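Participant: Dropping the sequence and predicted coords here.
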Number of protein chains: 2
Amino acid sequence: MNVLIVHAHPEKKSFSSALKDTAKEYFKSKGDTVVVSDLYKMNFQPTGGKSDFKDIENRDFFKYQMEQLNAFNKDLFDDIIKKEMLKVEAADLIIFNFPLWWFSLPAILKGWVDRVFAMGFCYGAGKGVYEKGVYRGKKKGMLCFTTGGPDFSYTEDGFNGEMNKILFHINHGMLYFVGMDALPYFTAFGPARKSDEERKEYLENYKKHLGKIGEFKSLF
Amino acid sequence: MNVLIVHAHPEKKSFSSALKDTAKEYFKSKGDTVVVSDLYKMNFQPTGGKSDFKDIENRDFFKYQMEQLNAFNKDLFDDIIKKEMLKVEAADLIIFNFPLWWFSLPAILKGWVDRVFAMGFCYGAGKGVYEKGVYRGKKKGMLCFTTGGPDFSYTEDGFNGEMNKILFHINHGMLYFVGMDALPYFTAFGPARKSDEERKEYLENYKKHLGKIGEFKSLF
């Protein structure tokens, strides 16, 4: 299996980075191929715009998605974007590994989605979405993230609201949109406030979670 | 009233930009003060990290939120961040004006939230959240956005899912989190596929929407 981990944390000693390393080692030990896009290390630029393209079609009116489509048809994506697209194409499983910032992806990872999941490349122009998405039955997607708040704050009655509702825009709107199985996510709640023992337990639990990937059903 | 419009579209002739201009003119005609943060024009950098700060506290372990808190206490925010914070502080109403990309904010706007809504500045360190948030009863927040898909795709049975569920991470998780009234949002569905007449109607409807801001109840 080919695994792509898209990792978005500025500190290599963070618990988020430990989760990324845990997954990397887990898959390697199973004989899988693992590629990591460490977005902070790569200094990945998140802003979708003209710099995505070697050339653009319409200089008078910049329509991002139309230029993505044009770039896909004419091989005009910037090399950085193209490299990420090749990683996506090769992957059987894509893991987004990140700290939950403002109940969503850190901007650097959101920008990876904006720029790499381009129109023409993985949807649009005759390519379907959701159950007719290009990656249907071909790729799985999974979120692995840390939170600031405790687990009980992410329930229906918790102050932050129910986690599936919070993540709907990612699991349904990004992973499932392009047809990927959106696998059950792994969450480490407030690791900064936990003991070393508890953090180790999270890493062990994450390995167990990864061991069940073959059995997991898609959330949608 | 002081209005801050945080605008995130790379094309000044886009319909999203027309919505921004409509709001700007509407409030000016009412005698309100309007400030626009045009993020693409400003070349705003979305990646939260060390560059947010003039100096950091812990060089061995970079913990973003802790450095935000430290920077708030010691006046160490980068000038660009600080300028945006002053705009937020002065505002009675903050409008996020953007195209809905991947069912969320474009990365450049998500990064504005990551970096400007800093720990210490608008939550944390004795400052509450949600109903005890710092901006409770003081500021209102509102989304104005365009979509690619048609209105019927954003219903409970629609293929994209119910809009309030999609936006929960923004309305609840960003606006209401810091105590702002999360006002009913304005959506222009698929303006790229509409006629000029229909687009004009959207702008007229937006003005009507803005005229009701005083009556609107918060979504939460």
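Facilitator: Received it, and whenever you're ready, just let me know what you need.

Participant: Tell me which residues touch residue A:163, please.
Facilitator: For residue A:163, the residues meeting the contact criterion (CB atoms under 8 Å, 6 or more residues apart in numbering or on different chains) are A:154-155, A:187. In this view, the C-beta of every residue, glycine as well, is placed from N, C-alpha and C.

Participant: What is the nearest of these to chain B?
Facilitator: Here the nearest of the contacts of residue A:163 to chain B, counting by CB to the nearest CB, is residue A:154; it sits at 11.0 Å.

Participant: Now the phi/psi pair for the closest one, please.
Facilitator: Its backbone dihedrals place residue A:154 at phi -110, psi 30, with angles given as degrees, to the nearest 10.

Participant: Isn't it up against residue A:165?
Facilitator: No - counting by CB atoms under 8 Å, residue A:154 stays clear of residue A:165, with 9.4 Å between them.

Participant: higher neighbour count, those two?
Facilitator: Comparing residue A:154 with residue A:165 by other CB atoms under 10 Å in any protein chain shown, the one with more neighbours is residue A:154, at 22 against 18.

Participant: show me what contacts the more buried one?
Facilitator: For residue A:154, the contact set (CB under 8 Å, 6+ apart) comprises A:147, A:160-163, A:166, A:187, A:189.

Participant: Likewise for residue A:114?
Facilitator: Applying CB under 8 Å, 6+ apart, we find residue A:114 in contact with A:46, A:48, B:101-102, B:106-107.

Participant: SS state for the residue nearest to it when sequence neighbours are not counted?
Facilitator: Sequence neighbours aside, residue A:48 is the residue nearest to residue A:114 in space, at 4.1 Å (criterion: CB to CB, 6 or more residues apart in numbering or on different chains). For residue A:48, the secondary structure call by DSSP: H, G, I helix; E, B strand; the rest coil comes out as coil.

Participant: and if you look at residue A:26?
Facilitator: Under the three-state scheme (three-state DSSP), residue A:26 adopts helix.

Participant: Looks like it contacts residue A:208 (just checking).
Facilitator: No - Residue A:26 sits out of contact with residue A:208 when judged by CB under 8 Å, with a separation of 10.1 Å.

Participant: Tell me which of the two has more neighbours.
Facilitator: Neighbour count, other CB under 10 Å: between residue A:26 and residue A:208, residue A:26 has more, with 18 against 9.

Participant: Contacts only, for the residue nearest to residue A:114.
Facilitator: Applying CB under 8 Å, 6+ apart, the residues near residue A:48 are A:64, A:111, A:114-115, B:10, B:101, B:106-108.

Participant: mind listing which of the contacts of residue A:154 are in helices?
Facilitator: Residues of the contacts of residue A:154 located in helices (DSSP state H): A:163, A:166.

Participant: quick one, phi psi at residue A:199?
Facilitator: As for residue A:199, its main-chain torsions (degrees, to the nearest 10) stand at phi -70, psi -40.
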